[in-house]
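**Student:** Model the structure of this input:
(2 chains)
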Amino acid sequence: MMIEIKDLVVGVEGVKGDILKGLSLSIPAGEVHAIMGPNGTGKSTLANVLTGRDGYDVKGGSATFEGEDLLSLEPEERAAKGIFLSFQYPVEIPGVPAMTFLRASLNAQRKRRGEEELAAPDFLKLAREKAKLLKVKADMLKRPLNVGFSGGEKKRMEILQMAVLEPRFAILDETDSGLDIDALKVVAEGVNALRAPNRSMLVITHYQRLLDYIKPDVVHVMAGGKIVDSGGPELALKLEAEGYDAYEGAAA
Amino acid sequence: MMDGVKDNIDRETVETARGLEADKYKYGFVTDIEQDFAPKGLNEDIVRYISGQKKEPDWLLEWRLAAYRRWLTMEEPSWAMVNYPKIDYQDMYYFAAPKKDGDGPKSLDEIDPDILATYEKLGIPIREQEVLLGVEGAAKVAVDAVFDSVSVATTFRAELAKSGVIFCSFSEAVHDHPELVRKYLGSVVPPSDNFFATLNTAVFSDGTFVYIPKGVRCPMELSTYFRMNAQSTGQFERTLIIADEGSYVSYLEGCTAPMREENQLHAAVVELVILKDAEIKYSTVQNWWPGDEDGQGGVYNFVTKRADCREARARVSWTQVETGSSITWKYPSCILRGDESQGEFYSVAITNGAQQADTGTKMIHLGKNTRSRIISKGISAGRSNNTYRGLVSVHQKATGARNFTQCDSLLVGADCGAHTVPYIEVKTPDAQLEHEATTTKLSEEQLFYCRQRGLDAEEATALLVNGFARDVLQKLPMEFAVEAQALVKVSLEGSVG
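**Tutor:** Just a heads-up that it's a prediction; the model follows:
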């Protein structure tokens, strides 16, 4: 398994009660899984815990990446191993051109992995190539990262980062939110181009719409802090038609 | 790409250097004074001694003495937001002998490895390190080191002489160009200006003198060469730069490398005189020893810097990157006397550990249609305190004056402080002033975002802070902008955990 999550119990530091209540999930190499579920069920918490964000209290269970414990690693160590999060709300980084940020990120990862750092001209070439695929204008690469970007531009920039960093396991948190249909198609094409036998993805979404363009291998339903149902792509269609009501009781 | 070009320039430079005469370093800053040194403490005899050692003319001695007498009646200012133990002015040397043979370290092996590690992070070549650390015999090597590592120095002396630029130590200028020194010295910062400037006037050790003749655009940045020779200019430095009509010069003082400093108190005076249609760009990178974690033993930096845009359309810009010293008290100012003259102040001040900085500028609008611009970026980390203090003053006759001020403060961590103290005085209704100020905290979201992409907490902080300070760092001469970015990173080490 590329990703193996077992009985994960997680709360927010200093707050009573748990958000994830014994969540289990396995994703084999090369597969794209989707998690759907109502608001407030802990989808983003899962993304944050897997990537190592501060402020969460892991009370039980485990999460491994290719058999190796993930939860004891620093966020940057996880990144270097190939864990990537496309943020639901990408953060603005004033004064740092997107290009500079991306190069610093890529080289930090490479350094940590014991690989040669990429020289400026080589990086430039790589970034331009990937930007073209995602229809990101060269001018956007020179602007401070995400500052004044539209919602669509921010999400495209997330996927561009993913394309450049070439992660092994990517979590796409609500990547479709704030996108019009054209932008959604561009982003989905970008994601699909990155599907590979040694790369897995977890697509977190509210709506089935995104899954029309990024076809998942498996769809999971999350409610009340755990996975309550799993199935093929048809499960997403069912959810779209029937809503989450059927699962609300099951979770409690 | 860049490396290839640089290698070429280096090679050319070295070759040209070899072709020059052996005495090519007459313009060096190392002043040969027969050694002795004065006892601790300050009195008229000490002032006479200093002046005598430099074989100064009577008028200069009298000028020093008058300042000394004035200083006795003055009180140390206490309005700045800095705290330090009372300075005992009688417990200091005012004329310290430059180091004799045998005092300095014999090689880099004798230097604290921590300091060497810092140099390495800043990318300072080994031979430059030796000079900065005062390794024996390194000064001679330095001459070659300049030529090895820096492209600018090529036909340094020849080119300056050809264009008529005077660039020498202050002591040399007193002897070789007394008419210029006498005309302009103290004309921007008068002897009575303030406690520290008056002290400097009485006991100043040495410094730099620059004169750019009419209509001359100085053919090179007066920076790189200076960097190599800036050792031990002393604790009471005096700088005087005159840009005559229609001339231009860019001058950079300081160094990103932490200087080995034995003197705790520094009270420098810098005077810039800018005549009609002339321009001076003055950049400072200051990274003096900030002291230990509690600020013990760090340098106190009390500096008076002022530019006088004396005639029409004179322009000046101050750019400073302040990361060192345990206490910084510094307000590079612009007197906009000439009509349509312009003053700019760009500042990045970083405090970490227990450092305290109270810094800013004064823009004094006297002439018509004068303009000024202030961009200040204060970054506080650790338990430090960082204060921007600025004055924009528009006098009655300064109709049409305009100022734009932007003061941004960034807090790194929860135990530091940022303060903004803007003073604005406007005495004409016909002026436009804008003031923008922000205070932000380095956010957990930004840090996590960067770390998710692979940067560790320190790299992330450095990237974010460099981004925050970008508008100012871009004003630095190219070759120093890169080093300054590395310096930002080194300065913030240990600020996030």
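
**Student:** switch to C-alpha atoms for all contacts and neighbour counts from now on
**Tutor:** Noted.

**Student:** List of residues touching stretch A:113-121?
**Tutor:** A:80, A:81, A:103, A:107, A:108, A:110, A:111, B:1 (C-alpha atoms under 8 Å, 6 or more residues apart in numbering or on different chains).

**Student:** who in chain A is up against chain B?
**Tutor:** Within reach of chain B by C-alpha under 8 Å from any C-alpha of the partner chain, chain A has these residues: A:51, A:53, A:75-80, A:84-85, A:90-96, A:104-106, A:108-109, A:121.

**Student:** redo that, cut-off 6 Å
**Tutor:** Residues of chain A lying close to chain B (C-alpha under 6 Å from any C-alpha of the partner chain) are A:75, A:76, A:79, A:80, A:94, A:95, A:96, A:105, A:108, A:109.

**Student:** residue in the stretch 351-497 of chain B nearest to chain A?
**Tutor:** In the stretch 351-497 of chain B, no residue comes nearer to chain A than residue B:467, which is 3.8 Å away by C-alpha to the nearest C-alpha.

**Student:** Make sure that residue is actually in contact with residue A:97.
**Tutor:** No: in this structure, residue B:467 is not within contact of residue A:97 by C-alpha atoms under 6 Å, at 8.3 Å.

**Student:** Could you pull up phi and psi at residue A:103?
**Tutor:** Main-chain dihedrals, residue A:103, degrees, to the nearest 10: phi -70, psi -40.

**Student:** how close does it get to chain B?
**Tutor:** Distance, residue A:103 to chain B, by C-alpha to the nearest C-alpha, to the nearest Å: 10 Å.

**Student:** tally of neighbours for residue B:245?
**Tutor:** Neighbour count for residue B:245, taken as other C-alpha atoms under 10 Å in any protein chain shown: 21.

**Student:** ok, it - contacts?
**Tutor:** Contacts were defined as C-alpha atoms under 6 Å, 6 or more residues apart in numbering or on different chains; by that measure residue B:245 touches B:214, B:275, B:276, B:277, B:278.

**Student:** so it, which of the three states?
**Tutor:** coil (DSSP: H, G, I helix; E, B strand; the rest coil).

**Student:** got a list of contacts for the host helix or strand of residue B:281?
**Tutor:** For residue B:281, the element it lies in under DSSP states H and E is strand B:279-286. The contact list for strand B:279-286, computed with C-alpha under 6 Å, 6+ apart, reads B:248-255, B:314-322, B:324.

**Student:** tell me, how many neighbours does the residue of chain A found nearest chain B end up with?
**Tutor:** The minimum distance from chain A to chain B, using C-alpha to the nearest C-alpha, falls at residue A:95 (3.8 Å). The local packing of residue A:95 (other C-alpha under 10 Å) involves 20 other residues.

**Student:** Same question for residue A:124.
**Tutor:** 14.

**Student:** What residues does it make contact with?
**Tutor:** Residue A:124 makes contact with no residue, according to C-alpha under 6 Å, 6+ apart.

**Student:** Need the three-state assignment for it.
**Tutor:** Going by three-state DSSP: residue A:124 is helix.

**Student:** For the residue of the stretch 351-497 of chain B closest to chain A, give its distance to residue B:384.
**Tutor:** From residue B:467 across to residue B:384, the span is 21 Å (C-alpha to C-alpha, to the nearest Å).

**Student:** before we move on, what about residue B:343?
**Tutor:** Distance, residue B:343 to residue B:384, by C-alpha to C-alpha: 29 Å.

**Student:** and the stretch 51-200 of chain B, which residues reach chain A?
**Tutor:** So the stretch 51-200 of chain B never meets chain A (C-alpha under 6 Å from any C-alpha).

**Student:** element containing the residue of the stretch 201-350 of chain B found nearest chain A?
**Tutor:** The nearest approach of the stretch 201-350 of chain B to chain A comes at residue B:348, 13.9 Å away (C-alpha to the nearest C-alpha). Taking DSSP H and E as the criterion, residue B:348 maps to strand B:342-351.

**Student:** Determine the set of other helices and strands touching that strand.
**Tutor:** Applying 3 or more C-alpha pairs under 6 Å, 6 or more residues apart in numbering or on different chains; DSSP states H and E, one finds that strand B:342-351 contacts strand B:315-322, strand B:371-380.

**Student:** As TSV, those strands with mean neighbour count, mean pLDDT and distance to chain A would be great.
**Tutor:** Listed next are these as TSV, based on neighbours: other C-alpha atoms under 10 Å in any protein chain shown; pLDDT from 0 to 100; distance: least, C-alpha to the nearest C-alpha, whole Å:
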stretch	mean neighbour count	mean pLDDT	distance to chain A
strand B:315-322	26	94	17
strand B:371-380	27	94	12
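
**Student:** Give me the buried positions along stretch A:208-223.
**Tutor:** A:208, A:210-211, A:213-216, A:218-223 (16 or more other C-alpha atoms under 10 Å in any protein chain shown).

**Student:** sorry, back to before: how far does the strand holding residue B:348 sit from its chain's centre?
**Tutor:** The gap between where strand B:342-351 is centred and where its chain is centred comes out at 12 Å by C-alpha atoms, centre = their mean, to the nearest Å.

**Student:** Okay, now the sheet partners of that strand, with direction.
**Tutor:** strand B:315-322 (parallel), strand B:371-380 (parallel) (DSSP bridges).

**Student:** to the chain's geometric centre, what's the distance from the first one?
**Tutor:** Looking back up the chat, that one is strand B:315-322. With C-alpha atoms, centre = their mean, you get 9 Å for strand B:315-322.

**Student:** Show me what stretch A:198-213 is in contact with.
**Tutor:** Here stretch A:198-213 makes contact (C-alpha under 6 Å, 6+ apart) with A:29-36, A:168-174, A:188, A:236.

**Student:** And stretch B:61-80, by the same measure?
**Tutor:** B:51, B:191, B:195, B:198, B:201, B:202.

**Student:** which element is residue A:121 on?
**Tutor:** Here residue A:121 is assigned to helix A:120-133, by DSSP H and E.

**Student:** what distance separates that helix from the centre of its chain?
**Tutor:** The chain centre lies 22 Å from the centre of helix A:120-133; the measure is C-alpha atoms, centre = their mean.

**Student:** just to revisit the earlier point, what's the closest of the strands paired with strand B:342-351 to residue A:1?
**Tutor:** Nearest to residue A:1, of all these, is strand B:371-380, at 45.7 Å by C-alpha to C-alpha.

**Student:** C-terminal to that closest one, what's the next element?
**Tutor:** Counting by DSSP H and E, what follows strand B:371-380 is strand B:385-394.

**Student:** so what does whichever helix or strand comes after that following strand touch, helix or strand wise?
**Tutor:** Using DSSP H and E, the helix or strand that follows strand B:385-394 in sequence is strand B:401-411. Secondary-structure packing of strand B:401-411 (3+ C-alpha pairs under 6 Å, 6+ apart): strand B:371-380, strand B:431-441.

**Student:** So residue A:25 lies in a strand, does it not?
**Tutor:** Yes: judged by three-state DSSP, residue A:25 forms part of a strand.

**Student:** how many neighbours does it have?
**Tutor:** Around residue A:25 there are 16 residues (other C-alpha under 10 Å).

**Student:** For it, which non-adjacent residue is closest in space?
**Tutor:** residue A:5 (4.9 Å; C-alpha to C-alpha, 6 or more residues apart in numbering or on different chains).

**Student:** my guess is that neighbour contacts residue A:24, does it?
**Tutor:** Yes: with contact defined as C-alpha under 6 Å, residue A:5 reaches residue A:24; the gap is 5.0 Å.
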